[in-house]
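Participant: task: produce atomic coordinates for the following.
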Amino acid sequence: MGDISSRAIEVLANADVVACEDTRRTGRLFKHFGIKHDTFLRLDLHTEESASSKVIRRMGQGDSVVFVTDAGTPGISDPGERLVQRVIEAGYEVSIVPGPSAHVAALAASGLSTGRYCMEGFLPRGGTARKERLEELATEVRTIILFEAPHRLVSTLRDLAEAFGVGRRACVAREITKLHEQYVRATLEELAEWAEGQPKGEFVIVVSGASPVDRPDDQRVLTAIRESIERGASTRDAVREVTRLLGVGKRRVYRLALSDSEDSPA
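Facilitator: Residues are numbered from 1 along each chain as shown. Just a heads-up that it's a prediction; the model follows:
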């Protein structure tokens, strides 16, 4: 509650219509600050399309409408994106009351580079889309910011370690600005081990970008694989060794090793 600005309280108090992700949470917010408002319009991921039409209709009647989400800035990996698009398309003005933003707060406190970053939100949950996104991000030189749910935190950190290399530095931010706020800074491998303790809350993962050392081309990776095998390692052991040595994704190394073995003369 302490993070809300005086301007935000004034805007809420003067709104004709309050659209919100959760009517009960927003009701408690209004009660806490002594703002009287009788009716809230539910607008969440499931109702965004239909509720947006109601918002536009009320704006057409000259009403001022505010939109509130449960935490952080609306529309950032959150309900509100389609609402903003629909309102703009209808010819009405959209303005923002600045407030807490989880990815910016996590980045600032991470201890990692803040000069250039990319906000990736939630990774695809599985399948080819997830693998392709991880491979794409493995060579991203900017600091990477991700959101993740508690029950998927361990698997995501493991996948990141496998794709980026176990030694890549990262920070997990938990419960930002709340009672149990915590920042854990370590390698991806160490963070995956920490997450085994099943910490609760809302999480932001900040991962350092790839350095030139982290971005060897395919030929360098192939050379390292061949050298490892020539020293007597099996393909499996060579993949493991090269993954750790060069800090590249295990899937990429395995794919190159497999392709090389298929291309080798019998």
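Participant: so the closest residue in space to P150 that isn't next to it in sequence, which state does it fall into?
Facilitator: Using Cβ to Cβ, 6 or more residues apart in numbering and skipping the chain neighbours, the partner closest in space to P150 is K200 (5.7 Å). The C-beta positions use only the backbone N, C-alpha and C, and glycine is treated the same way. For K200, the assignment made with DSSP: H, G, I helix; E, B strand; the rest coil gives coil.
Participant: burial count for K200?
Facilitator: The tally of other residues near K200 (other Cβ atoms under 10 Å) stands at 10.
Participant: now swap in E140 and tell me
Facilitator: By other Cβ under 10 Å, 18 other residues sit near E140.
Participant: any weak-confidence spans in the chain?
Facilitator: 212-215, 247, 263-266 (pLDDT under 70).
Participant: contact partners for the residue positioned nearest the centre of it?
Facilitator: Within the chain, one residue has its C-alpha closest to the average C-alpha position: by Cα atoms, centre = their mean, that is L146, at 2.2 Å. Contacts for L146 (Cβ atoms under 8 Å, 6 or more residues apart in numbering) come out as 120-123, 156, 204-207.
Participant: pretty sure A15 sits against V65.
Facilitator: Yes. Judged on Cβ atoms under 8 Å, A15 makes contact with V65 at a distance of 6.7 Å.
Participant: which of the three states applies to A19?
Facilitator: A19, by the three-state scheme (three-state DSSP), is strand.
Participant: who does it bridge with?
Facilitator: L41, F67 (DSSP bridges).
Participant: for it, grab the count of nearby residues.
Facilitator: If you count neighbours by other Cβ under 10 Å, A19 ends up with 28.
Participant: what about the strands in the stretch 1-150 of the chain?
Facilitator: Secondary structure of the stretch 1-150 of the chain (DSSP state E, counting those that start in this stretch): strands at 17-20, 40-42, 65-68, 117-121, 143-148.
Participant: between those strands, which one is closest to A161.
Facilitator: Of all the strands of the stretch 1-150 of the chain, strand 143-148 sits nearest to A161, with 13.3 Å by Cβ to Cβ.
Participant: so how far is that closest one off the chain centroid?
Facilitator: 4 Å (Cα atoms, centre = their mean, to the nearest Å).
Participant: check which element follows it along the chain.
Facilitator: Going down the chain from strand 143-148, the next helix or strand is helix 153-164, by DSSP states H and E.
Participant: which non-adjacent residue is nearest P199?
Facilitator: Nearest-residue entry for P199: R174, 6.0 Å, with adjacent residues in sequence omitted and distances by Cβ to Cβ, 6+ apart.
Participant: please report how far A173 lies from V206.
Facilitator: 7 Å (Cβ to Cβ, to the nearest Å).
Participant: which neighbours do the two share?
Facilitator: 106, 110.
Participant: and this structure, what are its domains?
Facilitator: Per the record, the chain has its domains at 6-89, 102-213, 216-263, by automatic domain parsing.
Participant: save those domains as a markdown table, and put in distance to I96 too.
Facilitator: Below are the domains of the chain laid out as a markdown table (distance: least, Cβ to Cβ, whole Å):
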| stretch | distance to I96 |
| --- | --- |
| domain 6-89 | 8 |
| domain 102-213 | 14 |
| domain 216-263 | 37 |
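Participant: for stretch 152-166, give me every contacting residue.
Facilitator: With Cβ under 8 Å, 6+ apart as the criterion, stretch 152-166 contacts 123, 125, 130, 134-135, 137-138, 146, 148, 168, 170, 172, 187-189, 191-192, 195-196, 198-199, 203, 205, 207, 210, 214, 243-244, 246-252.
Participant: any idea how far apart the tips of stretch 62-77 sit?
Facilitator: End-to-end span of stretch 62-77 (Cα to Cα, to the nearest Å): 29 Å.
Participant: still on that earlier bit, quick one: contacts for the residue nearest to P199?
Facilitator: 180-184, 199, 201-203.
Participant: and if you look at T39?
Facilitator: V18.
Participant: ditto for P100
Facilitator: Contact analysis of P100 by Cβ under 8 Å, 6+ apart lists 3, 71-73, 176-177.
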